[in-house]
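Student: here is the input, now give the coordinates:
(2 chains)
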Amino acid sequence: MLDRIIATLLENQNADGGYGSLRGKRSNTESTALAVTALKTLAESSAAENRKRGIDWLVQRQNKEGSWPLNETVKQGSWTTALAITALSDSQEHDERALAAARWLLEQEGSKPGILAEIILWATGKSNVNKLNKDLIGWSWVPNSFSWVEPTSYALIAVKKLRPRLAGTNVDERIRQADAMIYDRMCNGGGWNYGNSKVLDYALWPYPDITALALIAMQDRAREKANQESLQVLTKIARETDSGLALCWAAICLNVYGQDNSEFQRMIDKRFAASKFLGETKSLALAIIALGDKANPFRI
Amino acid sequence: MRRRDFLKYTALGSLSTTLANCRSSVRWQPEAFRKKASSRVAILAAKSYDQSLKDVILRGIKLCALQVTGKRVVLKPNLVEFDPKGVINTNPAVIEAAIDAFRSLGAAEVIVAEGPGHRRDNEYLLSASGLYDVIREHKVRYVDLNSDDVRATPVRSSFTNFKELYLPETLFNADLLVSMPKLKTHHWAGVTLSMKNLFGIVPGTVYGWPKNILHWQGIDNSILDINSSLPLPQFSIVDGIVGMEGNGPLQGQAKNSGVLIFGDDFVSVDASAARLMKLEPRKVIHLAKAGEFLGNLNYEKIEQIGEKLESLQQDFSVIEDLKDLKKITG
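Tutor: Next comes the predicted model:
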């Protein structure tokens, strides 16, 4: 099955070397970075030319200040920079690129509501519309906006991988605060959704893909009670989810935590046979990582 | 100040927008928007999802004199989130019937497209909601609007700070956008119908999940700017067979209403839908404002056809902060 998944992923590669979200879509950084990350887990000789062309696409699109754009239409530095770092970070050849991108990433901060908004919230007794600590800063989807779990997780994985080489930066403080933000956004009982555990006194529920991603980002705190609870939640909810994306992230996460993921690997096989993951590059790339036997590139 | 007002003006951070709006009283160019003298809205009874909905939809399309032949049609349901115990989504039976109906009327292509606001996981949402079986059986192309290729388009009104919006390429390549919302209350916007449903065309890869940047700009402001800037003609089919009352759009209760609502003026359709819920559309902020330039809000400007609105009205409950919407003024 892995061979079929690899072949399907390679069909999504564009003539320019990059990958779009689906076959025939224009290349973007997220899809290309994940595809490159996946292809790098294969044997050196396998898909070598495809891998090189993917890396070249990334290298050629890096912005001068170190970031990566979302795609060739939206060119400002984006959240996908963290994924490009992960794709390039274990290569000496592209070491400086990854470090430049990590430094750019460390300058990006999610923002919080202005003081006037806080005063109105306080004065109207509506400070608890959501159950989250707005002072904890992680990373946002859109520059200068609120922090959310998924972009913060991608950024944490990237900067934690490069942490020893980012001495003299604010990396330790950014990680400390982003870790706290992730824990603050955890759903009641464990697990994460996009980053909000409650609205208007109603509890919201966790998603398997985001739970796995947050756990991967927090793998250096694996023994924390929150991690262990969330790992159990992940195992339960991922089993109930008909989705390549969710199953792949769950399998990758369990591998990172040193747990048996063979049940999820079998489910990935079945799901691919049933849906081809809708042809989504992201899921195909993650499946290659989840089913492969090489080092997990999301291990910090 | 009530929560709804507060959220309108701040929405966890939309103060700069509000202040900008205070400075500028002209938020759209009148010559750029021409409302029709009157708008037609068809309200048709549809008691359950088990009946032949294709016939009802065909009748609704014909009553509204919508031309479909040769057109590439994008059906945009509401698939924002899934809860097995809830009624969040446009029912797949309605979407299936719409696919059949538009094809039988000679549409060049029918596409189902959505950019879910909370989840990135399309495969899960499609499978769990039952829509995956529909699109597979009918061999319909599904487009994830969150990760579609994008194109910038100028914003034609100025309620937010956005000068341009990145919208999915699929919309620019289509001839007709059919908003297919669920008939629901919304704890912040009052109602979520044809207009609010279009938060789902804003691509998540650019604007994030849960599309919070739109909330920072003010939910009503964002609804208005998105709807004023659509690059293609529109039509609406509201799934009101079973709606949602109370704490919508996710955690409210099911409300049997037994209707489908049709029309090409989103403001008129949503105003009629609000009236069906016994909510005052002129008190729904984005509808009140949209009635000034995007479409017809007033009852006398809406040509109501099909069933009598009054005969199908249901008393939808709302959260405490929205009680004012229950005071019908006309």
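Student: could you count how many residues lie near the closest residue to chain A within chain B?
Tutor: Using CB to the nearest CB, the closest approach of chain B to chain A is made by residue B:208 at 2.5 Å. For glycine as for every other residue, the C-beta is placed from the backbone atoms N, C-alpha and C. Number of residues near residue B:208 (other CB atoms under 10 Å in any protein chain shown) recorded here: 24.
Student: burial count for residue A:173?
Tutor: Neighbours of residue A:173 under the rule other CB under 10 Å: 11.
Student: please tell me how far it sits from chain B.
Tutor: Relative to chain B, residue A:173 is positioned 23 Å away (CB to the nearest CB, to the nearest Å).
Student: need the per-residue pLDDT for that residue.
Tutor: Reported pLDDT at residue A:173 in the predicted model: 97.
Student: next one: it from residue A:159, what distance?
Tutor: Note on residue A:173: its distance to residue A:159, by CB to CB, to the nearest Å, is 11 Å.
Student: could you do residue B:293 as well?
Tutor: Distance from residue B:293 to residue A:159, by CB to CB: 47 Å.
Student: ok, the two, which is more surrounded?
Tutor: Each of residue B:293 and residue A:159 has its neighbours counted (other CB under 10 Å); residue A:159 has more, 26 against 19.
Student: after the helix or strand that contains that one, next one along is what?
Tutor: Per DSSP states H and E, residue A:159 falls inside helix A:149-162. Later in the chain than helix A:149-162, the nearest helix or strand by DSSP H and E is helix A:171-184.
Student: now that following helix against helix A:149-162, angle please.
Tutor: Helix A:171-184 and helix A:149-162 meet at an angle of 150 degrees, taking axes from the mean of the first three to the mean of the last three CA atoms, to 10 degrees as the criterion.
Student: how distant is the next helix or strand after helix A:171-184 from the center of its chain?
Tutor: On the C-terminal side of helix A:171-184, the closest following helix or strand by DSSP H and E is strand A:198-199. Chain-centre distance of strand A:198-199: 24 Å, with CA atoms, centre = their mean, to the nearest Å.
Student: stretch A:166-185 too?
Tutor: Worked out by CA atoms, centre = their mean, stretch A:166-185 lies 16 Å from the chain centre.
Student: list phi and psi for the closest residue to residue A:299 other than its chain neighbours.
Tutor: Once flanking residues are discounted, residue A:299 sits nearest to residue A:256: 5.5 Å by CB to CB, 6 or more residues apart in numbering or on different chains. Torsion angles at residue A:256 (phi, psi; degrees, to the nearest 10) stand at phi -60, psi -40.
Student: got a list of what residue 150 touches?
Tutor: As the question left the chain open, I've gone with chain A. Residues touching residue A:150, when contacts are defined by CB atoms under 8 Å, 6 or more residues apart in numbering or on different chains, comprise A:141, A:194, A:195, A:210, A:213, B:120, B:209.
Student: I was thinking of chain B, sorry if that wasn't clear
Tutor: The contact partners of residue B:150, taken as CB under 8 Å, 6+ apart, are A:71, A:73, A:74, B:166, B:167, B:168, B:169, B:203, B:205, B:206.
Student: before we move on, what about residue B:109?
Tutor: Residues in contact with residue B:109 (CB under 8 Å, 6+ apart) are B:72, B:73, B:141.
Student: is the helix ranked longest in chain B anywhere near chain A?
Tutor: Across chain B, the longest stretch assigned as helix under DSSP state H is helix B:92-104. No - on the criterion CB under 8 Å from any CB of the partner chain, helix B:92-104 is out of touch with chain A, staying 14.8 Å away.
Student: and that helix, what does it pack against?
Tutor: Secondary-structure packing of helix B:92-104 (3 or more CB pairs under 8 Å, 6 or more residues apart in numbering or on different chains; DSSP states H and E): helix B:53-63, strand B:72-77, strand B:109-114, helix B:131-137, strand B:176-180, strand B:234-245.
Student: for the last one, the distance to its chain's centre please.
Tutor: Going back to what we said before, that points to strand B:234-245. On the basis of CA atoms, centre = their mean, strand B:234-245 sits 8 Å off its chain's mean C-alpha point.
Student: ok, now the third one?
Tutor: When distances are taken as CA atoms, centre = their mean, strand B:109-114 is centred 15 Å away from the chain's centroid.
Student: quick check: the residue of chain A nearest chain B.
Tutor: Closest contact between chain A and chain B, by CB to the nearest CB, is at residue A:141 (2.5 Å).
Student: in chain B, which spans are helices?
Tutor: Under the criterion DSSP H, chain B carries helices at the ranges B:3-9, B:15-23, B:53-63, B:92-104, B:122-129, B:131-137, B:169-172, B:204-207, B:212-216, B:219-228, B:266-276, B:285-290, B:309-312.
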